[in-house]
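Chemist: Quick one, structure for this:
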Amino acid sequence: MEMGNIMEFKLAAKGVKSTAMRLLVMEVLSKQGAAISLSQLEQFFEKADRITLYRTLKTFEVKKIIHSIDDGTGAIKYALCVEGCECHPEDLHVHFHCSKCKRTYCLTDNIIPPINLPQKFVLEEINLVIKGLCENCSA
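Modeler: Alright, predicted model coming up:
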């Protein structure tokens with residue numbers, strides 16, 4: 001199956017209409033080795049409107065195609081969700097932020113364990129970011 005068809009299938013499976021921009025954003029995100037910010041995404045599109053890119057990311061986030069990461073840098077990063085992820089607390093994984101190259105990676109093999117909250121506390125969001133040097137920067 002060619003890349004465009006795969007992206008269309010993934011969008012359709014999540015109930016998202018395929019548009020040229022959505023397919024292009026999916027393609028860019030699928031080729032990243034790390035999560036990227038809106039500003040970084042903009043660099044792949046010379047003539048794209050920032051609002052259109054932002055709305056595309058928000059649509060993808062609501063439909064659980066991507067997830068957002070607050071890595072403490074002040075810029076929200078975005079990465080594709082793994083197959084079958086619904087972004088429920090049990091699907092959440094750890095992220096790693098490299099303090100040298102500033103890239104943020106999904107560590108999908110490291111699931112965030114269940115958190116026992118006191119009575120009447122309601123879990124809304126979990127964010128676990130490990131900071132250090134990535135493989136390239138630690139060499």
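Chemist: Next secondary structure element downstream of the longest strand belonging to the chain?
Modeler: Ranked by residue count and defined by DSSP state E, the top strand of the chain is strand 104-111. Sequence-wise, the next helix or strand downstream of strand 104-111 (DSSP states H and E) is strand 129-132.
Chemist: Packing partners of that following strand?
Modeler: Contacts defined by 3 or more C-beta pairs under 8 Å, 6 or more residues apart in numbering; DSSP states H and E place strand 129-132 against strand 93-98. Heads up, the C-betas are built off the backbone N, CA and C, glycines and all.
Chemist: pLDDT of the longest strand of the chain, averaged?
Modeler: Taken as a whole, strand 104-111 has a mean pLDDT of 91.
Chemist: now do stretch 33-46
Modeler: Across stretch 33-46, the average pLDDT comes to 94.
Chemist: So which bits of that stretch are buried?
Modeler: For stretch 33-46, a neighbour-count test (16 or more other C-beta atoms under 10 Å) marks 34, 35, 36, 37, 40, 41, 44 as buried.
Chemist: which SS state does the third one fall under?
Modeler: I take that to be residue 36. strand (DSSP: H, G, I helix; E, B strand; the rest coil).
Chemist: How about the last one?
Modeler: Judged by three-state DSSP, the three-state class of residue 44 is coil.
Chemist: who's sitting farthest from the centroid in this structure?
Modeler: The outermost residue of the chain, judged against the average C-alpha position, is residue 119 (31.2 Å), by C-alpha atoms, centre = their mean.
Chemist: Got the phi and psi for it?
Modeler: phi -50, psi 140 (degrees, to the nearest 10).
Chemist: and residue 25, how many neighbours?
Modeler: By other C-beta atoms under 10 Å, 25 other residues sit near residue 25.
Chemist: Enumerate every residue touching the residue sitting nearest the centre point of the chain.
Modeler: Among the residues of the chain, the one closest to the centroid is residue 79, at 2.0 Å (C-alpha atoms, centre = their mean). Residue 79 makes contacts with 29, 32, 34, 35, 36, 66, 67, 69, 104, 106, as judged by C-beta atoms under 8 Å, 6 or more residues apart in numbering.
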